[in-house]
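Undergrad: Turn this into a model:
(chains A, B, C and D, ligands or ions: 4)
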Amino acid sequence: MAPITFLEAIRQAMFEEMAADPRVVLIGEDVGVYGGAFKTSEGLLEQFGWERVIDTPISESAIIGAACGMSYLGLRPIAELQFIDFIACCFNQLTNFVAKGHYLWNAPAPMVVRGPAGAGVHGGPFHSLSPEMYFLHTPGFKIVYPSTPYDAKGLLKASIRDNNPVLFFEHKFLYRRIKEEIPPGDYTVPLGKAIVRREGKHLTLLSYAAMMHTSLEAADALGKEGIEVEVIDLRTLIPLDEETILNSVRKTNKCLVVHEDTKTGGIAGEIAAILSEKAFHDLDGPLVRVASLDTPVPYAPTLEEAFLPSAQKVFTAAKALARF
Amino acid sequence: MAPITFLEAIRQAMFEEMAADPRVVLIGEDVGVYGGAFKTSEGLLEQFGWERVIDTPISESAIIGAACGMSYLGLRPIAELQFIDFIACCFNQLTNFVAKGHYLWNAPAPMVVRGPAGAGVHGGPFHSLSPEMYFLHTPGFKIVYPSTPYDAKGLLKASIRDNNPVLFFEHKFLYRRIKEEIPPGDYTVPLGKAIVRREGKHLTLLSYAAMMHTSLEAADALGKEGIEVEVIDLRTLIPLDEETILNSVRKTNKCLVVHEDTKTGGIAGEIAAILSEKAFHDLDGPLVRVASLDTPVPYAPTLEEAFLPSAQKVFTAAKALARF
Amino acid sequence: MPASDSRVNTPRLSRQQYLDLYYYMRLNREVEETMTRLFRQNKIVGGLYSSLGQEAISVGTAYALEKRDWLAPMIRNIGALLVKGVPPRDIFTQHMAKYTSPTKGKDGTSHFGDLENLHIISPISMLGDLIPVLTGVAMAGRYLGQKIVAMTWIGDGGSSTGVFHEGLNLAASQKAALVVVLENNLWAYSTPVGRQVPLENLADRAKAYGIRSYIVDGNDVVAVYSTAKEAVERARSGGGPILIEAKTFRRRGHAQHDPAEYVPRAQRAYWEKRDPIALYEKFLTEEKILDPKGKKETDEQLTALLEKEREFAENSPMPPPELAGEGVYCTGPACHDLQPKWERPIDELLPPKSCVEPVWTVEGFGHGKGATGRDAPIHFGDTQAKPVASVKVSSGTSAVSAKKGAKKKSARGRVRQ
Amino acid sequence: MPASDSRVNTPRLSRQQYLDLYYYMRLNREVEETMTRLFRQNKIVGGLYSSLGQEAISVGTAYALEKRDWLAPMIRNIGALLVKGVPPRDIFTQHMAKYTSPTKGKDGTSHFGDLENLHIISPISMLGDLIPVLTGVAMAGRYLGQKIVAMTWIGDGGSSTGVFHEGLNLAASQKAALVVVLENNLWAYSTPVGRQVPLENLADRAKAYGIRSYIVDGNDVVAVYSTAKEAVERARSGGGPILIEAKTFRRRGHAQHDPAEYVPRAQRAYWEKRDPIALYEKFLTEEKILDPKGKKETDEQLTALLEKEREFAENSPMPPPELAGEGVYCTGPACHDLQPKWERPIDELLPPKSCVEPVWTVEGFGHGKGATGRDAPIHFGDTQAKPVASVKVSSGTSAVSAKKGAKKKSARGRVRQ
Ligand SMILES: Cc1ncc(C[n+]2csc(CCOP(=O)(O)OP(=O)(O)O)c2C)c(N)n1
Ligand SMILES: Cc1ncc(C[n+]2csc(CCOP(=O)(O)OP(=O)(O)O)c2C)c(N)n1
Ligand SMILES: [Mg+2]
Ligand SMILES: [Mg+2]
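TA: Residues are numbered from 1 along each chain as shown, chains lettered A, B, ... in the order given. Ligands and ions are numbered 1, 2, ... in the order given. This next block holds a predicted model:
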């Protein structure tokens, strides 16, 4: 089969799940006739009709609230946020209503909230958000942030079939920049399993989403210097695959975390604490963080590049850590 | 002077700042004739009138937006959230409008957002939030979370005089449970300075707000066992006083963080990363976290107690770390 | 645009219906009075809210619903829960945070629900949030082929929240079978309605959505029921969402801790003369539906019932500490096997038949291609971008390798060694 | 409640005013056409939005403001910025993310402001957020004794956001001098207004707040100006917030990437015949205010100006990378010395005179004590709680020590050793 884009992988996952299961519906802004701002729901209205592909007014709190209400009657809504930045506009519905229902009154909310996240395309300070930490710190969600078309499709299908609210972040930098051949037909990728993208013995590099590719680029270059980096793609942040992480760190004894999210309060800190608690004696060097600056995402390409981690920055940090 | 409650300290700070500076106004729900759900603005309407003490409809986004607009004209609004949990209802205004203005278009927003936070009074899952991490991870805020009446008054005054948006969290468990004598007249406590509450050589314990008192209770007990804990009250989380933290850890070589906020993605992780980067060789033991369970805050006293850190839990964890 | 309408032709109720309304109002009040006593004995955990004087609204509106319909209460709608079939013990145990409560002590007050049988959705404290959620319930109900109506309540104060607006606006755009009862009790905590919005009638909030609204005397249970009944059936038959403003007064403070000394004495005096139960007893007596004997029977019935329920609650244990750590996630089908109740043939929703005619398709558009036939353009000119990497699949575990040429194109810049 | 009003008596404008309106509409369009060319040359960073066909609204409304007044634009209000005095180079450099732009390249499009001189507040992308912010501006202006009006714009789509509701509701409750211009251009991205809310006139949104509204033909600049002028002066004189619905059409796609093939051809054809500049030129010619010569002069004037401005922008450098890390926090008076512009004696706001009579005080209430004279009760019965610790002050650095007895009372339980 011809390789497909990340966008197409998302579209196929939604299409196939909707075709197979009438409980699955899509709700969001411009998801219908327009097929979504990024064309991820292209053609779904024509195939499934207005009852299952629902264009809403501009009101994210209503979208999330309604999706939650639908899920209580046994449906499996996919709520699209046109840009993930607008998740701030439904933060209350998500963190107080959706996240707490199962714990408090045994009400599962099988819904997926998905949308384009991340920077690198000059979207500016309001269209480039890395949202993961707000929700990693809010008990009740599963969090997925894939880096390849194959994973995007398989993980989205698994998310739709999950009985919990799943936040599915799609890095817009990858939408049309990477292509991948995927097997025909139905498959899923389980939530909670990281994957080793590249094996290595000198240090463990943890990353996900767009930074995965930046990290692999750096790993190539490091390889040429004889530094063998084990690159792990976390893929899902909740549940976090501690086993894969710890196994690798116990082997390499060094750990570098690369994330696009801003540094302070980022996931690298959580991993630092986990390693401190569970692998203290295995670490021969400090946990090193390569992350974005602690600022809003600037607009100008020169500034955005300075803001974001780069293969160069990863390369430098990893080299220093390897030599530590 | 007679000792005053935490509540009274807040009230005095607002009263004195409003009396001294006409730029200071108070806006929120029921802050006027009722004096606030917790009586922190008791008597302010009578003294300063309706132009400066503004009762609003129930609309947190409007409260924060309006306060921000006022600050652009040179006022110094104090926006009260009746319970800090409702900060989720104005999350977009805070993180996208208020936090980013100075960086993006050089517009300072000298405003304070304050309200009762934290658990321990059986407020249940929607009246017990520990909000700090959502904002520690959002560049643009200063974050204050005091533990004593003296600090509450001095830090609130400093916050009102600061040119940046300051999130001032008041732990409602402390409102009337602790009393303290404070010096007469005007004083401030600078933002960004931690304080050593108790000196010790065996390990460093970092905490803040209500957990400060839990930690000191445990430190007393540990002292009786010959374990001398150095207890540091962070007081402000942004800016974080790394110097005081590092000085202590370099002396004790062990660090325990106690926070009421839920564990995963909590501030202990950020501190773990900082210590890994800046004190790797100084640590003779893992960074240990004593925090709340990764769940919503349950309602029943038996459950809430199990959810929260306790002096007993701190005692046990610290003892184990000291023996490490 | 449908105007707000206060004159509803009052249907003649059956004797039993009249007595049901009476019983539930009395039950509502006695349940709350019992809890007030428990509160004074420090047996209630957290705060206690009262709907004293507003019972006609909770009872009259919920009584207009059918069993299959859905509702979500607010803090002053215990009456609605009782009408729906919630036993008083559930209310007591919730407020006492007992292990036997619907939430096992994890949450309190009327924060509990029942998706399976009673079709009750648990509220949360944040005002207004229920409106979009119940909109979703109504939308799902229609999709599943169920002829259900969703009902929820909001206060005068809560109608200022953004989510009230977003929820009703979405409901209007979807013609959802939603009935929102706006209890205008003149106060939001200490803030009088006049300081929240310069409106004579909060029913006018409906005009922003082009939906029908009603205004009703919230202390007249028959009027409330009749209005709600008409609204519910109108919504059920596709009339779209409806807003009912019920005018009333909050007799107690915001919660037990609040003496409500800010309420003008005259206002309080006026409304205390209009107690909904007293008014209704007068009506029932005149109509010869209730006599002293019947009243006495009701008294005894309630006393016996509540005595039993209260004792059950008081004798119930607190939840075990271990429970605190359990239940954040659904662990799968064993935990919850989620199957909707279809009342329509599902194959009409699936391919090939699934192609329900879209409301509106546009000539030569909507097939992944722009007019030019090239990939449809998306935000931020991504289309111009070259791939930075091509991905090979190895048995489902993608090993990603960056292409030489592509690396140069990477927005992340090249690596200097 | 004030009804929505479309008939405003059109004042006779001075010749210069007529020509100003013409000039700014032309300037608005030429600035955007210049940027469209730059976009095609890949010189614009990110997306580009167009107000083609809506120029009469941005220009006509902003022209009704005085210098001291405040505004915050939306994406299609470049015309308003130009009227306020923003030079075209600022718009160009913003869109090209140049170091010379008002935000030095940190943000783009019309996301910039000027607190000092032009009184412009920078918008953010999240729709509706400006409304409460401008409400606060109006409230602060009144408090400072300035007689200012605050104006902002919102789309048909944006009027569905919760913050639109919260903002207008607060403004209404405060009688803030706020004018909100609702540009109903029939589309929100690909969604037609009819699918957002079942309203004929979005001006009816105002009825939820009991505020005045106007409906005006958004393609008739004189009508827009006259309506805005009346609204602004009404707001300035204490009439409270006002909502103006300007009916128009979005001629281009949502942004440059969007071919807008979903727009029915007939609708587009109708509106293209009603181009606001063409209509106005016809009017000015009939009124003998503009002749071919005058038009030619304007053409040349604009070409010369925009040539200069564009060149400045194109020749400007990109920001230096170091800038990315700077400026998150205000570092103090040296960074910003914040002094409001008082236009009233401040001592009337300070003790002892500060005691402006509260709008409403309540007998024997409001002095820290409950009716009983004991500490006023607060939530969750904290009042019953015993102190867990007494705190000693040692020269400002409190050393906290737990009291024996108190420790037992601690809700955190005792320590077993
Ligand atoms: C979003 C939000 N803000 C603030 C509160 C705090 N609060 C709880 S009830 C209440 C007053 C509600 O008044 P109203 O809506 O009129 O209902 P009533 O109490 O009169 O029944 C307030 C301010 C809340 N629960 N939710
Ligand atoms: C809260 C929020 N949700 C979604 C968006 C994405 N978005 C940007 S503009 C737009 C359409 C706006 O339509 P309208 O308000 O009518 O303004 P117009 O584009 O027609 O001028 C959308 C959905 C946004 N900016 N903010
Ligand atoms: Mg009320
Ligand atoms: Mg529009």
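Undergrad: how about the helices of the chain, start to end?
TA: Let's take chain A. A:6-20, A:44-48, A:60-72, A:91-92, A:101-105, A:132-136, A:149-161, A:210-224, A:242-252, A:267-278, A:301-307, A:311-323 (DSSP state H).
Undergrad: that's the wrong chain, I wanted chain C
TA: C:15-40, C:55-62, C:78-84, C:88-96, C:130-144, C:162-174, C:221-234, C:265-272, C:276-286, C:292-315, C:404-409.
Undergrad: wait, which of those is closest to chain B?
TA: For the helices of chain C, the distance to chain B is smallest for helix C:162-174, at 5.7 Å, taking C-beta to the nearest C-beta. C-beta coordinates here come from the backbone N, C-alpha and C atoms, glycine included.
Undergrad: quick one, that closest one and helix A:60-72 angle?
TA: 70 degrees (axes from the mean of the first three to the mean of the last three C-alpha atoms, to 10 degrees).
Undergrad: can helix C:162-174 be found next to ligand 1?
TA: No: Helix C:162-174 lies apart from ligand 1 when judged by C-beta under 6 Å from any ligand atom; the minimum separation is 8.0 Å.
Undergrad: Tell me if that helix is near ligand 2.
TA: No: shown here: helix C:162-174 not in contact with ligand 2 (C-beta under 6 Å from any ligand atom), separated by at least 10.1 Å.
Undergrad: packing partners for that helix?
TA: Packed against helix C:162-174 by the contact rule (3 or more C-beta pairs under 8 Å, 6 or more residues apart in numbering or on different chains; DSSP states H and E) you find helix A:60-72, helix C:130-144, strand C:178-184, helix D:162-174.
Undergrad: Quick one: list the elements packing against the third one.
TA: Using 3+ C-beta pairs under 8 Å, 6+ apart, the elements in contact with strand C:178-184 are helix C:55-62, helix C:130-144, strand C:150-155, helix C:162-174, helix C:221-234, strand C:242-247.
Undergrad: What is the first one packed up against?
TA: Counting by 3+ C-beta pairs under 8 Å, 6+ apart, the packing neighbours recorded for helix C:55-62 are helix C:15-40, helix C:78-84, strand C:150-155, strand C:178-184, helix C:221-234, strand C:242-247, helix C:276-286.
Undergrad: From the chain's centroid, how far away is it?
TA: Helix C:55-62 sits 14 Å away from the centroid of its parent chain (C-alpha atoms, centre = their mean, to the nearest Å).
Undergrad: cool, and the last one?
TA: Computed by C-alpha atoms, centre = their mean, the chain-centroid distance of strand C:242-247 equals 14 Å.
Undergrad: That one vs chain A: in contact?
TA: No: on the criterion C-beta under 8 Å from any C-beta of the partner chain, strand C:242-247 is out of touch with chain A, staying 15.7 Å away.
Undergrad: now the angle from that strand to helix C:55-62?
TA: 160 degrees.
Undergrad: So for residue 270, what's the pLDDT?
TA: Reading this off chain A. pLDDT recorded at A:Glu270 is 98.
Undergrad: Not quite, go with chain C.
TA: At C:Tyr270, pLDDT is 97.
Undergrad: For it, which residues are in contact?
TA: Residues in contact with C:Tyr270, defined by C-beta atoms under 8 Å, 6 or more residues apart in numbering or on different chains, are C:Phe249.
Undergrad: can you do 6 Å?
TA: Not one residue lies near C:Tyr270 by C-beta atoms under 6 Å, 6 or more residues apart in numbering or on different chains.
Undergrad: on that earlier part again, put together TSV for the helices of chain A, with mean neighbour count and distance to ligand 1 on each row.
TA: Output for those, formatted as TSV (neighbours: other C-beta atoms under 10 Å in any protein chain shown; distance: least, C-beta to the nearest ligand atom, whole Å):
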stretch	mean neighbour count	distance to ligand 1
helix A:6-20	23	33
helix A:44-48	22	34
helix A:60-72	31	11
helix A:91-92	28	8
helix A:101-105	24	16
helix A:132-136	26	19
helix A:149-161	26	30
helix A:210-224	26	36
helix A:242-252	18	37
helix A:267-278	24	30
helix A:301-307	22	34
helix A:311-323	20	42
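Undergrad: Can you tell me the number of residues neighbouring C:Gly85?
TA: Other residues near C:Gly85 come to 12 when the count uses other C-beta atoms under 10 Å in any protein chain shown.
Undergrad: separation between it and C:Gly141?
TA: 19 Å (C-beta to C-beta, to the nearest Å).
Undergrad: now A:Met133
TA: In terms of C-beta to C-beta, A:Met133 sits 36 Å off from C:Gly141.
Undergrad: swap in A:Ala219?
TA: For A:Ala219, the distance to C:Gly141 - C-beta to C-beta - is 52 Å.
Undergrad: and what of A:Phe315?
TA: Taking C-beta to C-beta, one finds A:Phe315 at 56 Å from C:Gly141.
Undergrad: How about A:Gly269?
TA: 44 Å.
Undergrad: Find the residue closest to the closest residue to chain B within the stretch 51-200 of chain A in space, skipping its chain neighbours.
TA: As assessed by C-beta to the nearest C-beta, chain B sits closest to A:His137 within the stretch 51-200 of chain A, at 3.3 Å. Using C-beta to C-beta, 6 or more residues apart in numbering or on different chains and skipping the chain neighbours, the partner closest in space to A:His137 is B:Gly265 (3.3 Å).
Undergrad: Share the number of residues neighbouring the one you found, please.
TA: The burial count assigned to B:Gly265 is 30, neighbours taken as other C-beta under 10 Å.
Undergrad: which ones are touching A:Ala99?
TA: Residues in contact with A:Ala99, defined by C-beta under 6 Å, 6+ apart, are A:138, A:140-141.
Undergrad: Check the burial of residue 260 by counting its neighbours.
TA: No chain specified, so I'll use chain A. Counted with other C-beta under 10 Å, the neighbours of A:Glu260 add up to 28.
Undergrad: Oops, wrong one, chain C.
TA: The number of residues packed near C:Ala260 is 17, by other C-beta under 10 Å.
Undergrad: For it, which non-adjacent residue is closest in space?
TA: C:Gly253 (3.7 Å).
Undergrad: Check the one you found and give its pLDDT.
TA: C:Gly253 is given a pLDDT of 95.
Undergrad: Ligand 1 versus that one, what's the distance?
TA: Computed as C-beta to the nearest ligand atom, to the nearest Å, the C:Gly253 to ligand 1 distance reads 10 Å.
Undergrad: Angles on the backbone of that residue, please.
TA: Dihedral pair for C:Gly253: phi -70, psi 180, per degrees, to the nearest 10.
Undergrad: Closest residue of the stretch 51-200 of chain A to ligand 3?
TA: Distances between the stretch 51-200 of chain A and ligand 3 by C-beta to the ion are smallest at A:Asn92, namely 20.3 Å.
Undergrad: Tell me who's in contact with that residue.
TA: Counted by C-beta under 6 Å, 6+ apart, A:Asn92 has contacts B:88-89, C:126.
Undergrad: Compare those residues and tell me which has the most neighbours.
TA: B:Cys89 (29 neighbours).
Undergrad: Quote the end-to-end distance of stretch C:169-178.
TA: 11 Å (C-alpha to C-alpha, to the nearest Å).
Undergrad: Skip the chain neighbours and tell me the closest residue to C:Ile289.
TA: Closest to C:Ile289 by C-beta to C-beta, 6+ apart is C:Tyr18, at 5.0 Å.
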